[in-house]
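In: Next comes the sequence, and after it the predicted model I'd like to discuss.
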Amino acid sequence: MSWRYGGLPRRDRPFLVNNVIGFLERPWPVCKSVRAAVSNVVVHGTTCSASDVNGPIDLDSRGRPTAASALVIDAGSRRYAPPTDITGRRRGSDLDIGAFEYPGR
């Protein structure tokens, strides 16, 4: 997130929802520049909100969830999510965090 969003009224800022974040050293500028941060996984570093979690994501070499991706699978927020993942796969009733839905259900 650009620090420039921090200068906008909160209602005009982007949401940060259902993302996998590899490293987030401190809340500024990412956390403080968004309207809300919801259901993100931060692998290393600090989280932005109470609904975010820290820990391993266990993705495969292509960035897709595996059976071991417990922090990602069925952990996303439906409120702001698109109905399909990046490949066009429909998201389940309990959607996954990140760009890809886990197909192994």
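Out: Sure, I can see it.
In: distance of the spatially most central residue of the chain from Gly104?
Out: The structure's the chain has its C-alpha centroid closest to Asn19; by CA atoms, centre = their mean the separation is 1.6 Å. Asn19 sits 21 Å away from Gly104, taking CB to CB, to the nearest Å as the criterion. Placement of C-beta: from N, CA and C, glycine included.
In: and if you look at Gly55?
Out: Counting by CB to CB, the gap between Gly55 and Gly104 amounts to 20 Å.
In: Of those two, which one has the most company?
Out: For Gly55 against Gly104, the residue with the higher neighbour count under other CB atoms under 10 Å is Gly55, and the figures read 12 against 9.
In: Might you report the residue contacts of that one?
Out: Going by CB atoms under 8 Å, 6 or more residues apart in numbering, Gly55 touches Val41, Val43, Leu71.
In: what ranges do the strands span in this structure?
Out: Listed from the start of the chain, the chain has strands (DSSP state E) covering 15-17, 20-24, 36-38, 41-45, 53-54.
In: Name the stretch among these that sits most buried.
Out: Ranked by mean neighbour count under mean count of other CB atoms under 10 Å, the strands of the chain are led by strand 36-38, which reaches a mean of 20.
In: okay if I get the strands of the chain as TSV plus mean pLDDT and distance to Trp3?
Out: Output for these, formatted as TSV (pLDDT from 0 to 100; distance: least, CB to CB, whole Å):
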stretch	mean pLDDT	distance to Trp3
strand 15-17	97	14
strand 20-24	97	14
strand 36-38	97	15
strand 41-45	98	17
strand 53-54	98	23
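In: which non-adjacent residue is nearest Ala36?
Out: The shortest distance from Ala36 to any residue other than its chain neighbours is 5.5 Å, reached at Phe15 (CB to CB, 6 or more residues apart in numbering).
In: For the residue nearest to the centre of the chain, give its distance to Gly7.
Out: Taking CB to CB as the criterion, Asn19 is separated from Gly7 by 22 Å.
In: can you list the weak-confidence ranges in the protein?
Out: Along the chain, segments meeting pLDDT under 70 span 105.
In: just to revisit the earlier point, I figured the residue nearest to the centre of the chain hits Ala81, correct?
Out: No. Counting by CB atoms under 8 Å, Asn19 sits too far from Ala81 to count as a contact (10.9 Å).
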